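Asker: Have a look at this prediction, sequence included:
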Amino acid sequence: MELGLCMAIYDVCNDNQFDNCTPLDFANFLNVREEAKAIPVVPKEKLRVCYMVYAVSQNITPRKEALIWSELFLSRCGINKSYYDKHRTDICADHATEDNKNYRKSIDKAINEWRSRRRIP
């Protein structure tokens, strides 16, 4: 995964959905490097992490690689695949809390800004 995308996600998630860490540690963790330091998910943030994984995976090609990355990353976060499959877009629902809607907007904005810097449609 490109460093620019990692840093865009880091800016939103560091010390919010994941314990505070360095940008390099986060990039290695997000890229599921074997030597990467484990970065714990903040309690009660699994739902938001699921959406982040979903949103990021939509920007990984080929699709097979996105699925592999998603499964590896979820495993490292201690999130069960069945939980992810059931809840990955919950914060997109009409009944989502305002905080969850704002988080979604932050993730989407970070990804869109990264895409525009790269000139990806």
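Answerer: That came in fine, so what should we check first?
Asker: helix/strand/coil for Glu65?
Answerer: helix (DSSP: H, G, I helix; E, B strand; the rest coil).
Asker: What distance do you get for it to Cys92?
Answerer: 24 Å (C-beta to C-beta, to the nearest Å). Glycine gets a C-beta too; all of them are placed from N, C-alpha and C.
Asker: same thing with Val41?
Answerer: Distance from Val41 to Cys92, counting by C-beta to C-beta: 20 Å.
Asker: of those two, who's got more company?
Answerer: Val41 (17 against 14; other C-beta atoms under 10 Å).
Asker: and the more buried one, what are its bridge partners?
Answerer: Going by DSSP bridges, Val41 is paired in beta bridges with Phe18.
Asker: so it touches Cys13, yeah?
Answerer: No - with contacts counted by C-beta atoms under 8 Å, Val41 stays clear of Cys13, the gap being 9.6 Å.
Asker: residue contacts, Ile39?
Answerer: Residues near Ile39 by C-beta atoms under 8 Å, 6 or more residues apart in numbering: 18-19, 21, 25-26, 29.
Asker: meant to ask about Ile9
Answerer: 26, 30, 52, 56, 107, 110-111.
Asker: ok so, going back, touching both of Val41 and Cys13, which residues are there?
Answerer: Val49.
Asker: Buried ones in the longest helix that the chain contains, by neighbour count?
Answerer: What stands out as the longest helix in the chain, according to DSSP state H, is helix 98-118. Across helix 98-118, burial judged by 16 or more other C-beta atoms under 10 Å covers 100, 103-104, 106-107, 110-111, 114.
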